[in-house]
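Engineer: coords below, sequence missing:
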């Protein structure tokens, strides 16, 4: 996995997820979205907004393997692996 784009609800949560994944064997150079610093919590739109900003900044490229993970109120969550277009 080249890129992790979790729901941008809270920077502390994003950093904890990345740390835990790296501890479990994810690449040390895995790029992690931190768009919450700039856009805030934009709810369900946070993943595509973060991906768009990362593409524009050049931190994610065509062909990169991306794990997108979203979560919501209660115990709802979903994830999907995509190849960046």
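Structural biologist: Arrived safely, thanks for sending. Since the model is a prediction, treat every value here as computed from it, not as a measurement.
Engineer: Phi, psi for residue 75 please.
Structural biologist: phi -120, psi 30 (degrees, to the nearest 10).
Engineer: no, scratch that, I was asking about residue 3
Structural biologist: Dihedral angles for residue 3 - degrees, to the nearest 10 - are phi -140, psi 140.
Engineer: Show me what it is bridged to.
Structural biologist: Applying DSSP bridges to residue 3 gives these bridge partners: residue 31, residue 66.
Engineer: distance of it from residue 20?
Structural biologist: 16 Å (C-beta to C-beta, to the nearest Å). No exception for glycine: its C-beta is placed from N, CA and C like everyone else's.
Engineer: These two - which one has more neighbours?
Structural biologist: Between residue 3 and residue 20, counted using other C-beta atoms under 10 Å, residue 3 has the larger neighbour count: 21 against 10.
Engineer: and the closest residue to residue 2 other than its chain neighbours, how many residues sit next to it?
Structural biologist: Excluding the flanking residues, the one nearest residue 2 by C-beta to C-beta, 6 or more residues apart in numbering is residue 64, at 4.1 Å. Residue 64 has 17 neighbouring residues, counting by other C-beta under 10 Å.
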